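> model this:
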Amino acid sequence: MSDQELLSLSEAAKKYTIPMTTIRDAMRRGEIEGRKIGSQWVVTAHSVEVFLHNRPKKGRPFTKKS
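Model (predicted):
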């Protein structure tokens, strides 16, 4: 983990308006870089932003009607 802005899971969830469980699950899958410092897990703001930018959109895929 580099010297970027570190956020606790609750701070990241509030900042990016996503559930903490989404962040935890993405950490388990290796999609968000996280580290445990003491008793608290932290993530970099950059890794959360990359995850949010790259994750697939929810809902039905758009299909063009002819």
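
> So for the chain, the centremost residue is which one?
The residue lying closest to the centre of the chain (CA atoms, centre = their mean) is V48, at 3.7 Å.

> What segments of this structure are strands?
With strands called from DSSP state E, the chain shows them at 6-8, 34-37, 40-44.

> okay, the ones you listed in CSV with distance to K64 and mean pLDDT next?
C-beta: built from backbone N, CA, C; applies to glycine. Output for the strands of the chain, formatted as CSV (distance: least, CB to CB, whole Å; pLDDT from 0 to 100):
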stretch, distance to K64, mean pLDDT
strand 6-8, 40, 95
strand 34-37, 40, 94
strand 40-44, 38, 95
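
> Make a markdown table out of those strands and add distance to T63 and mean neighbour count.
Formatted as a markdown table, those follow (distance: least, CB to CB, whole Å; neighbours: other CB atoms under 10 Å):
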| stretch | distance to T63 | mean neighbour count |
| --- | --- | --- |
| strand 6-8 | 38 | 18 |
| strand 34-37 | 37 | 13 |
| strand 40-44 | 35 | 18 |
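
> Excluding chain neighbours, what is closest to the residue nearest to the centre of the chain?
Of all residues not flanking V48 in the chain, A12 sits nearest, at 5.3 Å (CB to CB, 6 or more residues apart in numbering).

> if I read this right, the one you found contacts I23, doesn't it?
Yes: in terms of CB atoms under 8 Å, A12 counts as a neighbour of I23; the distance is 5.7 Å.

> Residues in contact with both of those two, list them for me.
Between them, A12 and I23 share these contacting residues under CB atoms under 8 Å, 6 or more residues apart in numbering: V43, V48.

> Roughly how far does the residue nearest to the centre of the chain sit from A13?
9 Å (CB to CB, to the nearest Å).

> any common contacting residues for these two?
Shared contacts of V48 and A13, defined by CB under 8 Å, 6+ apart, are found at I23.

> List the contacts of Q4.
With contacts defined as CB under 8 Å, 6+ apart, Q4 is in contact with T44, A45, H46.

> which one is the first one nearest to, not counting chain neighbours?
Read it as T44. Q4 (4.4 Å).
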